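**Q** Provided below are the primary sequence and the corresponding predicted coordinates.
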Amino acid sequence: MTARLPRKITRRSFLSSSSKVVLGVSGLILGNTALFYYGVAHGQKQEDPTTKEIPSSFVKIGEVERLKALTGFERVYYTATIVDAWVKTPKQGFVYVTKDERGALVILSPACTHLGCTVEPATEAQRSRKRELFFWCPCHGAEFDIVGNDVFMGLPRLETYEPYIIEGHVYVDIATPMK
Ligand code: FES
């Protein structure tokens, strides 16, 4: 029976092997870093609403200058296309545009957070009995204030949309309400 003797490691072979390992690891790190930046750059291109390519789910609400002077509310109708992977779904509807107490624009979904009926602006008579009332739901009587907060039934607030300013106009992404 013959025992295998360990190979003798020379200084030259040790240095050669070590440098190959170091080069391999460096290559892996550089490759991953390059892929990471490629992904980040492409992700931003799709999601950044300030690029020239405005996504089809973005809805133009109106000129910034005109909306700055808004008092009360405005109803803005829209037509959009919601793209989910390869599925394109046309969507039509409207949003209410109001302002909060600091003058910031508030874009509200008209869908009641009880069972989804469309909320309506409150009448003068309704508002005279409850000062904070601004929108009400004809289905079961839910009431909301000017920024969509419930003031009667303890419901969640109306959904809102983040306003994006692109080339002097306000847009919202109708596919992505803020909760
Ligand atoms: S759906 Fe609006 S109160 Fe019921």
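**A** All right, it came through fine.

**Q** roughly how far is the longest strand belonging to the chain from the heart of the chain?
**A** When the chain is parsed with DSSP state E, its longest strand is strand 87-99. Mean-position distance between strand 87-99 and its chain equals 14 Å (Cα atoms, centre = their mean, to the nearest Å).

**Q** what helices or strands is the helix or strand just after it leaning on?
**A** Downstream of strand 87-99, the first helix or strand assigned by DSSP states H and E is strand 105-108. With contacts defined as 3 or more Cβ pairs under 8 Å, 6 or more residues apart in numbering; DSSP states H and E, strand 105-108 has these neighbours: strand 87-99, strand 160-161, strand 169-173. Heads up, the C-betas are built off the backbone N, CA and C, glycines and all.

**Q** what's the closest non-adjacent residue to Tyr78?
**A** Once flanking residues are discounted, Tyr78 sits nearest to Val59: 4.0 Å by Cβ to Cβ, 6 or more residues apart in numbering.

**Q** CA atoms only: put whatever helix or strand that neighbour lives in into CSV for me.
**A** For Val59, the host element (DSSP H and E) is strand 58-63. Extracted in CSV, the C-alpha atoms of strand 58-63 (Å, rounded to 0.1, in the frame of the first residue of the first chain):
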residue,chain,number,x,y,z
PHE,A,58,-51.1,59.7,-15.4
VAL,A,59,-54.0,62.0,-15.6
LYS,A,60,-53.7,65.8,-16.2
ILE,A,61,-55.6,67.7,-13.5
GLY,A,62,-54.9,71.2,-14.7
GLU,A,63,-52.5,74.1,-14.9
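
**Q** just the buried residues of it, please?
**A** Within strand 58-63, the residues scored as buried using 16 or more other Cβ atoms under 10 Å are Phe58, Val59, Ile61.

**Q** and the contacts of stretch 168-175?
**A** Residues outside stretch 168-175 that contact it (Cβ atoms under 8 Å, 6 or more residues apart in numbering): 49, 54-55, 57-65, 67, 78, 80, 82, 91, 93, 95, 105, 107, 161-165.

**Q** name the residues linked to the residue nearest to Tyr78 by a beta bridge.
**A** Val172 (DSSP bridges).

**Q** follow-up on the earlier one: ok, which of the helices and strands packed on strand 105-108 comes nearest the ligand?
**A** Across these, the ligand has its closest neighbour in strand 87-99 (14.8 Å, Cβ to the nearest ligand atom).

**Q** what strand or helix carries Glu65?
**A** Going by DSSP H and E, Glu65 is in helix 64-68.

**Q** next helix or strand past that helix?
**A** Per DSSP H and E, the first helix or strand lying C-terminal to helix 64-68 is strand 74-84.
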